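1. Generate a structure from the sequence data that follows.
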Amino acid sequence: LGEVVSECVRLNDELSTRDSTISELRTTIGWLEDHTRSSDNEIARLQLTVGELTAALETHEEQARLNEEAAAMELESQRVAVSNLQARHVRELQEIRTRVKRSIEAKDRQKDDLAAKLEVAEGRLADTEAVLKRAQHDIDAL
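-> Take a look at the predicted model:
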């Protein structure tokens, strides 16, 4: 009977140790389940944050692309404006050159006309002087 009691006490101690171990394991499992839920929540939160950051990055990239396109269009517009301005200046300079050339040609014609008139006037003056000399000579001869 003593052996049976000893065996019962030993089995009871072993059972108590097992119950304590099971209780500790249940506590550990509960703690792990809580931390797993907490980790799952943190992962979900991080995934949401990654999604938001990805969307923000895509938005920024799209805005950057749109800004780049707008800048390229503005640059092209400025190039066209400069090109048009240069073409206008070239036309204006050509018009000025044409007007100056025509003015010079007109002045040259006027100069030639005046030179011809001067030549005629000098010829007439020479004729008049000759007539006057003859008249003076005829007067002196009388």
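2. State the mean pLDDT of the helix or strand containing Leu125.
-> Secondary structure assignment for Leu125, by DSSP states H and E: helix 2-141. Here helix 2-141 scores 96 as its mean pLDDT.
3. and it, how far out from the chain's middle?
-> How far helix 2-141 lies from its chain's middle: 0 Å, per C-alpha atoms, centre = their mean, to the nearest Å.
4. which strands and helices sit next to that helix?
-> Applying 3 or more C-beta pairs under 8 Å, 6 or more residues apart in numbering; DSSP states H and E, we find helix 2-141 packed against no helix or strand. To be clear about C-beta, it is placed using only N, CA and C from the backbone, and glycine gets the same treatment.
5. please renumber so the chain begins at 39
-> Fine by me, first position is 39 from now on; the one you just mentioned is helix 40-179.
6. neighbours around Ile67, how many?
-> 11 (other C-beta atoms under 10 Å).
7. And for Ala94?
-> 10.
8. How much space separates it from Asn105?
-> 16 Å (C-beta to C-beta, to the nearest Å).
9. ditto for Val118
-> For Val118, the distance to Asn105 - C-beta to C-beta - is 20 Å.
10. Then Ala119?
-> Applying C-beta to C-beta, the value for Ala119 to Asn105 is 21 Å.
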